[in-house]
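Asker: Sequence and predicted structure are below.
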Amino acid sequence: MAEQNLPYEITPREVKGLMDSGARVLLLDVREPFEHAIGSIDGAHLVPMNTVPARLQSIESAADEALVVVYCHHGMRSLSVVNWLRQQGVDNCQSMSGGIDLWSLEVDTAVARY
């Protein structure tokens, strides 16, 4: 289910729209556990950035079934992860621009900001 020419980034509002429409979306939180403890998005899977290579096979499998949306605090780490995943042949992934910080501002103000 890989998408050709899928943009590297997707906005939090676009992610929420996909989720609300019933589209299959896997949220991958690449922040550190202490950041995840401060605030997280319901249903997201915590996979700290430094563990992504070890989890490549499971991420690849997930990308066959759903759009993998990677996020971090502000969107820089997640963009690096998406770039790396695409180099490994995982095309059905995008970075959530602005990260969980922008999600908290635009989508769910109950998610703590830090």
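Answerer: Arrived safely.

Asker: can you map out the strands along the protein?
Answerer: Taking DSSP state E as the criterion, the chain contains strands spanning 9-10, 25-29, 45-46, 67-71, 93-96.

Asker: Pull the residues that contact the first one.
Answerer: The reference is to strand 9-10. Here strand 9-10 makes contact (CB atoms under 8 Å, 6 or more residues apart in numbering) with 69, 75, 79, 82, 94-97. Where you see a C-beta, it was placed from the backbone N, CA and C, and this is true even at glycine.

Asker: what pairs with that strand, and is each one parallel or antiparallel?
Answerer: Paired with strand 9-10 in the same sheet, following DSSP bridges, are strand 93-96 (parallel).

Asker: Could you do the second one as well?
Answerer: For strand 25-29, the paired strands and their directions (DSSP bridges) read strand 45-46 (parallel), strand 67-71 (parallel).

Asker: So what touches that strand?
Answerer: Strand 25-29 has contacts (CB under 8 Å, 6+ apart) with 15, 18-19, 36, 40-41, 43-47, 59, 62-63, 65-72, 81, 100.

Asker: report the longest helix in the protein, please.
Answerer: helix 76-87 (DSSP state H).

Asker: in that one, what counts as buried?
Answerer: Neighbour-count burial for helix 76-87 flags 77-82, 84-85 (criterion: 16 or more other CB atoms under 10 Å).

Asker: how close does the residue most central in space within the chain sit to Leu46?
Answerer: Centroid check for the chain by CA atoms, centre = their mean gives Val70 as the closest residue, at 1.7 Å. Distance from Val70 to Leu46, counting by CB to CB, to the nearest Å: 12 Å.

Asker: Ok, Val52 next?
Answerer: 11 Å.

Asker: if you count what's nearby, which of those two comes out ahead?
Answerer: Neighbour count, other CB atoms under 10 Å: between Val52 and Leu46, Val52 has more, with 19 against 16.
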